[in-house]
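Chemist: Build the 3D model from these lines:
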Amino acid sequence: MTARDEKRALLIAGPTASGKSALALEKAAALNGVIVNADALQVYAPLRILSARPTAQEEALAPHRLYGHIGAEQPCSVASWLAGARREMDAAWEQGLLPIITGGTGLYFRALEQGLAPVPPIPNEVRSHWRSFTGDHHAELARRDPAMAAKLQPADRQRITRALEVIDATGRSLLDWQRQGQDKAPLAGVRVDRIFMDVPRAELHARAEARFDAMIAAGALDEARALMHLDPELPVMKAIGLPELIAHLKGEITLEESVTQAKAATRQYIKRQIIWWRGQMRHWS
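Modeler: Numbering: from 1, shown residues only. From the prediction side, this is the model:
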């Protein structure tokens with residue numbers, strides 16, 4: 001049965017430096033696949049080195065989609081990425097190819113599988129009220145929306161606040177909005193195989209540090225120099241290692257200090273990725 005006869009997709013996720021891209025290439029060759037990027041930084045054209053984007057030689061080995069297709073000053077929301085991913089998966093299925101979605105951005109995978117809740121904009125006064133609320137957020141949510149409260153830990157302040165904003169502004173539980181989005185998820189009705197790259201933390205750290213040294217050797221400083229004039233609040237400027245290298249280029253720290261700080265930031269990023277995945281995507285395990 002071909003991909004055109006039955007819609008199938010392979011998802012490959014995991015923390016940075018876990019080997020996702022190499023596995024995706026292997027699977028693309030074996031399964032007649034097209035690789036679709038699910039990394040929020042690898043979408044940016046000027047970030048080939050610092051985002052660890054596949055090289056031009058690697059891209060020539062299999063079709064790659066949604067890599068380096070956005071300019072540095074253009075934001076890429078989850079919704080815009082999802083629209084692109086849906087388009088690329090539909091094109092793959094039409095050609096009888098297997099979409100292989102790979103990357104480390106958990107929100108992208110969650111949107112693929114669960115869709116995006118079509119919640120209307122929250123009025124500023126409602127948002128301000130709940131973000132400045134000094135009472136017990138979880139208890140308040142349990143009173144107003146017990147079903148949603150039961151799904152959230154009392155310490156999860158950010159998600160509880162969001163749930164309070166939604167039910168206050170719309171009169172509907174965030175759960176209802178999420179179910180509505182899930183019905184329209186790109187992978188609804190698709191046969192999905194999932195691979196999470198579970199690599200021991202010490203090995204991940206060693207790989208990431210070696211990779212950053214290789215980035216420096218490959219011209220990461222020149223890549224940073226070309227971006228240092230941009231607004232530091234742009235999403236592209238959040239690439240791990242970029243702020244540290246720009247600080248060096250401005251004369252604020254030595255190159256050795258910038259590399260040390262970038263490697264520490266990478267270790268923290270790996271930790272956040274793993275914690276997020278374990279909390280949000282337990283069905284992958």
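
Chemist: In this protein, where's the longest helix?
Modeler: helix 255-280 (DSSP state H).

Chemist: buried residues in it?
Modeler: Residues 258-259, 261-263, 265-266, 269-270, 273-274, 277 are the ones in helix 255-280 that count as buried (16 or more other CB atoms under 10 Å). Just so you know, the C-beta spots here come from the backbone N, C-alpha and C atoms, and that holds for glycine as well.

Chemist: Could you do stretch 77-84 as well?
Modeler: Counting neighbours by 16+ other CB under 10 Å, one finds that the buried residues in stretch 77-84 are 81-82, 84.

Chemist: quick one, what contacts Gly106?
Modeler: Gly106 sits next to 13, 273, 276-277, 280-281 when contact means CB atoms under 8 Å, 6 or more residues apart in numbering.

Chemist: try it again with 10 Å
Modeler: Shown here is Gly106, whose contacts under the criterion CB atoms under 10 Å, 6 or more residues apart in numbering are 13, 15, 38, 40, 272-273, 276-277, 279-281, 284.

Chemist: Can you show me the strands along the chain?
Modeler: Along the chain, counting by DSSP state E, strands occupy 8-13, 33-37, 64-65, 98-103, 191-196.

Chemist: Show me the shaky parts of the stretch 1-150 of the chain.
Modeler: Scanning the stretch 1-150 of the chain for pLDDT under 70 picks out the ranges 1-5.

Chemist: In space, what's closest to Leu98 - neighbours in sequence excluded?
Modeler: What sits nearest to Leu98 in space, not counting adjacent residues and going by CB to CB, 6 or more residues apart in numbering, is Gly33, at 4.1 Å.

Chemist: For the one you found, give its distance to Thr134.
Modeler: Distance, Gly33 to Thr134, by CB to CB, to the nearest Å: 52 Å.

Chemist: ok, the two, which is more surrounded?
Modeler: Gly33 (23 against 5; other CB atoms under 10 Å).

Chemist: about what we covered before: now the buried residues of stretch 77-84 in JSON lines, with distance to Ala210?
Modeler: JSON lines is the format used below for those (distance: CB to CB, whole Å):
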{"residue": "Trp81", "distance to Ala210": "29"}
{"residue": "Leu82", "distance to Ala210": "33"}
{"residue": "Gly84", "distance to Ala210": "32"}
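
Chemist: right, and out of those residues, which lies closest to Glu125?
Modeler: The shortest approach to Glu125 among those belongs to Leu82, at 29.4 Å (CB to CB).

Chemist: Next, the contact list for that closest one, please.
Modeler: Taking CB under 10 Å, 6+ apart as the test, what Leu82 contacts is 38, 107-108, 111-112, 115-116, 185-186.

Chemist: residue boundaries of the helices in the stretch 51-200 of the chain?
Modeler: Under the criterion DSSP state H, counting those that start in this stretch, the stretch 51-200 of the chain contains helices at 56-59, 78-94, 106-114, 124-131, 137-144, 146-150, 157-170, 174-182.

Chemist: which ones are touching Leu98?
Modeler: 2-3, 7-10, 27-28, 30-35, 89, 92, 193.

Chemist: Roughly how far does the closest residue to Pro46 other than its chain neighbours sit from Leu204?
Modeler: Distance criterion CB to CB, 6+ apart; nearest residue to Pro46, sequence neighbours excluded, is Ala72 at 4.9 Å. For Ala72, the distance to Leu204 (CB to CB) stands at 28 Å.

Chemist: Please say which of the two ends up with more neighbours.
Modeler: Using other CB under 10 Å, the more surrounded residue of Ala72 and Leu204 is Leu204, with 24 against 17.

Chemist: That one and Gly219, how far apart?
Modeler: 24 Å.

Chemist: What of Ile195?
Modeler: 31 Å.

Chemist: Taking the centroid of the chain, which residue is nearest it?
Modeler: For the chain, the residue sitting closest to the mean C-alpha position, by CA atoms, centre = their mean, is Thr105 at 1.6 Å.

Chemist: which ones are touching that one?
Modeler: Counting by CB under 10 Å, 6+ apart, Thr105 touches 13, 37-43, 78, 81, 111, 273, 276.

Chemist: ok, and for stretch 193-204, which residues are buried?
Modeler: 194-197, 199, 204.

Chemist: how far is that stretch from where the chain is centred?
Modeler: Between the centre of stretch 193-204 and the centre of its chain there are 16 Å (CA atoms, centre = their mean, to the nearest Å).

Chemist: List the contacts of it.
Modeler: Stretch 193-204 is contacted by residues 8-20, 22-24, 27, 31, 98, 100-102, 104, 109, 113, 205-207, 266-267, 270-271, 273-274, 277-278, 281, 283-285 when judged by CB under 10 Å, 6+ apart.
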